[in-house]
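S.K.: How does the following fold in three dimensions:
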Amino acid sequence: MIPRLAALLLCLALWFAAATDYIPTFLDAQGKVFGLFKLDIYKDALHVASGLWALVAAIMSRRAATLFLKIFGTLYFLDGVMGTFTGSGFLDLSIITQGVLNNPPLIKLFSSVPHLFLGAFGIIAGWFGERLLIGARN
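M.R.: Model (predicted):
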């Protein structure tokens, strides 16, 4: 149950991330989401596709959801770590297309927090979720 629910929650979070680029409330005067970063069609497509992967995995089975969480969590967390240091990520190929960005360290960190958080959530739910639930029952 935990992996399927976690995958559904990630689906919603990823689709919300894609939607923020199109909701004026979340954009500043320069078109930056939360004043930190700009999303583009590639990032939006990555979020929508990842959310679709999460939804399909959650619907299919506990095993599929667990596999999704492990892979997704690891990839997104590592992308967030890379973004913290470079301001660019590998999932959207921005490290190749834009290289290391000259943003202040706090902007790099705050811009990476969503991937760090979502990735950590996926890692914990995928690798440890069932054990945490079983441990809480004892």
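S.K.: Same question for the longest helix anywhere in the chain: list its buried residues.
M.R.: In terms of residue count, the longest helix belonging to the chain (DSSP state H) is helix 62-86. Neighbour-count burial for helix 62-86 flags 64-70, 72-73, 75-80, 82-84, 86 (criterion: 16 or more other CB atoms under 10 Å). From N, CA and C alone the C-beta is placed, and that goes for glycine too.
S.K.: Please apply the same query to stretch 27-37.
M.R.: Leu27, Val33, Leu36, Phe37.
S.K.: For it, which outside residues touch it?
M.R.: Thr20, Asp21, Phe26, Lys38, Leu39, Ile107, Phe110, Ser111 (CB atoms under 8 Å, 6 or more residues apart in numbering).
S.K.: The first one contacts Lys38, doesn't it?
M.R.: No: the pair Thr20 / Lys38 is not scored as a contact, 11.0 Å apart, by CB atoms under 8 Å.
S.K.: more crowded one of these two?
M.R.: Thr20 (16 against 12; other CB atoms under 10 Å).
S.K.: Name the nearest residue to that one, ignoring sequence neighbours.
M.R.: Phe26 (4.3 Å; CB to CB, 6 or more residues apart in numbering).
S.K.: What of Leu5?
M.R.: Closest to Leu5 by CB to CB, 6+ apart is Ala58, at 7.7 Å.
S.K.: Could you quantify the relative orientation of the helix or strand containing the one you found and helix 62-86 as an angle?
M.R.: In this assignment (DSSP states H and E), Ala58 forms part of helix 41-60. Helix 41-60 runs at 160 degrees relative to helix 62-86, counting by axes from the mean of the first three to the mean of the last three CA atoms, to 10 degrees.
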